[in-house]
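# Sequence below, structure please.
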Amino acid sequence: MPSLKKFAALCATPVLAAAIALPALPQEPVVQGPTIKTSVNLVNLFVTVRDKNKRIVTDLKQDDFKVAEDGQDQKIAFFSKEVTQPITLGLLMDTSGSEQYMLGAIQDGASSFLNRVMRKGDEAMIMSFDLDVDLLADFTDDRSALNRAIRKAQINTGGGGGPVTPGTIPQSGSKGTNFYDALYLACNEKLSTEAGRKAVVVLTDAEDNGSKVRVEEAIEAAQRTDTVVHILLVYDPHFGANANIARKITDETGGRMIAVNNEKHLQEAFDQISEELRSQYTLGYYPSNSARDGKFRKIKIDVAGKDLKVLARKGYYAPKN
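Residues are numbered from 1 along each chain as shown. Model prediction:
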């Protein structure tokens, strides 16, 4: 993987380059936010439960949940039905050539989604990705600024029928979409220093043929920063989409993948994600394994009752001294 210096040298905008340059994947775990506190090692889980008809279930009690870490049952120390903790949100838009006929709907849906989901204390940032990765708006609670950033997104094909836009991180020699790089940057470089609930919503066909990092590295960046990734699989039927990759990313980070191929479905998908972000249970536990070894630990959440589906992250990285 290219070094930080190499990426910094490629950046067209030095200030922004320093903010979101793409380094080699760190060998040591990223310092966590309050989701995994280095002092008390509390693990927080944000959980959505749906019934067999996909309706969100909101009347469960603490005793209805069981949590296991690496196969060992854990004692739930904290439980809440009300999620009042602010959300820090990253909205990533695919502006590659395959989305040229969907961009208008993506922009309309994204603006509507932010206006609906954001509440006092929430912040969001806007990024686009194609042959480059662009930071269109840094974290802010100013909805007008976010909406303007969404409207700035342009299709970038790199020639042959579309405009070329310089990216915040120009990808030297890139000939394809940098989806994994964008997700890695959003999590590892931007959300890693944020506290509280963190989520990324990506509008993409999940095709990647230009990134410097692998999908596994992008997923690990999300896991290390306790970021839930939701993907709205927005695609033109003429181009298709990579549903397997989208599902892999969302399954591993506790998010949802929703396939979208028209404007009506896009709005419905945004509504579902908005509802989930505002209808979660919070579970907290102190791991019985107190080792500070930096290893990945698998989490399994079971809930009483038949035909109930739990949506939550599948693990976390323990802190390391």
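
# where does the stretch 151-300 of the chain have low pLDDT?
By pLDDT under 70, the low-scoring segments of the stretch 151-300 of the chain are 158-175.

# again, only this time at 50
Counting by pLDDT under 50, the stretch 151-300 of the chain shows low-confidence ranges at 159-172.

# so how far is Asn53 from Ile309?
Check again: residue 309 is Lys, not Ile. As for Lys309, its distance to Asn53 is 11 Å (criterion: CB to CB, to the nearest Å). All C-beta atoms are positioned from the backbone trio N, CA, C, and that covers glycine.

# more neighbours, those two?
Under the criterion of other CB atoms under 10 Å, the comparison of Lys309 against Asn53 puts Lys309 first, with 12 against 6.

# what number of residues lie near Arg143?
Neighbours of Arg143 (other CB under 10 Å): 14.

# show me what contacts it?
For Arg143, the contact set (CB atoms under 8 Å, 6 or more residues apart in numbering) comprises Leu114, Asn115, Met118.

# same thing with Gly315?
Gly315 sits next to Gln223, Phe296, Arg297, Lys298, Ile299 when contact means CB under 8 Å, 6+ apart.

# Find the residue closest to Gln62 in space, skipping its chain neighbours.
Of all residues not flanking Gln62 in the chain, Phe79 sits nearest, at 3.9 Å (CB to CB, 6 or more residues apart in numbering).

# Please apply the same query to Ala243.
Closest residue in space to Ala243, ignoring its immediate chain neighbours: Leu233 at 6.1 Å, by CB to CB, 6+ apart.

# Which residues are in contact with that neighbour?
Leu233 sits next to Thr204, Asp205, Ala206, Ala241, Ala243, Ala246, Met257, Ile258, Ala259, Val260 when contact means CB under 8 Å, 6+ apart.

# Check which residues of the helix or strand containing the residue nearest to Gln62 are buried.
Element membership for Phe79, per DSSP states H and E: strand 76-80. Going by neighbour count (16 or more other CB atoms under 10 Å), the buried part of strand 76-80 is Ile76, Phe79.

# Likewise for stretch 262-274?
Within stretch 262-274, the residues that count as buried by 16+ other CB under 10 Å are His265, Leu266, Gln267, Ala269, Phe270, Gln272, Ile273, Ser274.

# and the residue nearest to Ala243, how far is that from Gly109?
In terms of CB to CB, Leu233 sits 13 Å off from Gly109.

# now Phe65
Distance from Phe65 to Gly109, counting by CB to CB: 33 Å.

# cool, and Cys187?
Taking CB to CB, one finds Cys187 at 22 Å from Gly109.

# now do Glu194
On the measure of CB to CB, Glu194 and Gly109 end up 24 Å apart.

# With Phe79 instead?
Going from Phe79 to Gly109 by CB to CB gives 34 Å.

# got it, and Asn178?
Computed as CB to CB, the Asn178 to Gly109 distance reads 22 Å.

# Same question for Leu203.
In this view, Leu203 and Gly109 are 8 Å apart by CB to CB.

# Counting neighbours, go ahead and name the busier of those two.
The residue with more neighbours, out of Leu203 and Gly109, is Leu203; 29 against 24, by other CB under 10 Å.

# want to throw the contacts of Gly315 into JSON lines with neighbour count, secondary structure and distance to Leu283?
Shown next, in JSON lines, are those (neighbours: other CB atoms under 10 Å; DSSP: H, G, I helix; E, B strand; the rest coil; distance: CB to CB, whole Å):
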{"residue": "Gln223", "neighbour count": "22", "secondary structure": "helix", "distance to Leu283": "17"}
{"residue": "Phe296", "neighbour count": "14", "secondary structure": "strand", "distance to Leu283": "19"}
{"residue": "Arg297", "neighbour count": "17", "secondary structure": "strand", "distance to Leu283": "15"}
{"residue": "Lys298", "neighbour count": "11", "secondary structure": "strand", "distance to Leu283": "16"}
{"residue": "Ile299", "neighbour count": "20", "secondary structure": "strand", "distance to Leu283": "10"}
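
# Closest one to Val215 out of these, please.
Within the set of those, Gln223 lies nearest Val215; the separation is 12.6 Å, counting by CB to CB.

# Quick check: the closest one touching Asp251?
No: the criterion here is CB atoms under 8 Å, and Gln223 misses it with Asp251 at 11.8 Å.

# would Leu114 count as being in a helix?
Yes: under DSSP: H, G, I helix; E, B strand; the rest coil, Leu114 falls within a helix.

# so it sits right up against Ile87, yeah?
No: the pair Leu114 and Ile87 fails to qualify as a contact (CB under 8 Å) at a distance of 10.9 Å.

# got a list of contacts for stretch 243-258?
Contacts for stretch 243-258 (CB under 8 Å, 6+ apart): 46, 183, 199-200, 204, 206, 208, 215, 218-219, 222-223, 227-233, 259, 269, 272-273, 276, 311-314.
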